[in-house]
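Peer 1: Turn this into a structure:
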Amino acid sequence: MSTSETSRFVRLRVELVVEVEDENALTKTALGRIAEDPEIPGDERAHAESAVTEDTAEAIAYLVDPFDLVSQVPGVDLAQASWSSEQIDYDPDSPDWDLDEDDDAGDGAEEVG
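Peer 2: Residues are numbered from 1 along each chain as shown. Down below sits the predicted model:
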């Protein structure tokens, strides 16, 4: 396929597992971000505050923004994004968490570790 025939759109898949070392700091930061956001209506603000207080995964989802991942990349404009977070049982020694198992040779995947 020549350059003129290729799509300008690229799907970037990122899967992260993070360890929450300080739940209180995480929640406090998420609550601060909510308080500073002038675009959140009052009823949504109360719901967001409740969600991030009760669930660390919600706090992380509120603080991590896919736009931030690509906003400084020259020549790239975020066309669409979706993300979610959930609390999981994680065992780094389990073969279920082998990050390389889904990668095909030459697919452009890169592991950062």
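Peer 1: give the contact list for the nearest residue to residue 86 once chain neighbours are set aside.
Peer 2: Of all residues not flanking residue 86 in the chain, residue 57 sits nearest, at 5.3 Å (CB to CB, 6 or more residues apart in numbering). For glycine as for every other residue, the C-beta is placed from the backbone atoms N, C-alpha and C. Residues near residue 57 by CB atoms under 8 Å, 6 or more residues apart in numbering: 85-87.
Peer 1: Would you mind checking those for buried ones?
Peer 2: Neighbour counting with 16 or more other CB atoms under 10 Å marks residue 85 as buried within those.
Peer 1: can I get the contacts of residue 57 in JSON lines with secondary structure, pLDDT and distance to residue 35?
Peer 2: Shown next, in JSON lines, are the contacts of residue 57 (DSSP: H, G, I helix; E, B strand; the rest coil; pLDDT from 0 to 100; distance: CB to CB, whole Å):
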{"residue": "85", "secondary structure": "coil", "pLDDT": "88", "distance to residue 35": "21"}
{"residue": "86", "secondary structure": "coil", "pLDDT": "88", "distance to residue 35": "25"}
{"residue": "87", "secondary structure": "coil", "pLDDT": "88", "distance to residue 35": "24"}
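Peer 1: Next, count neighbours for residue 95.
Peer 2: For residue 95, the neighbour count with other CB atoms under 10 Å is 7.
Peer 1: What of residue 56?
Peer 2: By other CB under 10 Å, the residues close to residue 56 number 17.
Peer 1: Could I get the phi/psi values of it?
Peer 2: Residue 56 has phi and psi values of phi -60, psi -30 when expressed as degrees, to the nearest 10.
Peer 1: Look at it and report its pLDDT.
Peer 2: Looking at residue 56, its pLDDT reads 95.
Peer 1: Verify the stated contact: it with residue 87.
Peer 2: Yes: using CB atoms under 8 Å, residue 56 is in contact with residue 87, at 6.8 Å.
Peer 1: Need the CA coordinates for the helix or strand of the chain with the lowest mean pLDDT. PDB is fine.
Peer 2: Ranked by mean pLDDT, DSSP states H and E, the helix or strand of the chain with the weakest confidence is helix 66-70, at a mean of 88. Extracted C-alpha coordinates of helix 66-70, given in PDB (Å, rounded to 0.1, in the frame of the first residue of the first chain):
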ATOM      1  CA  PRO A  66      -5.700   9.900  27.000                       C
ATOM      2  CA  PHE A  67      -5.400  13.400  25.600                       C
ATOM      3  CA  ASP A  68      -2.500  14.000  27.900                       C
ATOM      4  CA  LEU A  69      -0.700  11.000  26.400                       C
ATOM      5  CA  VAL A  70      -0.600  12.400  22.900                       C
END
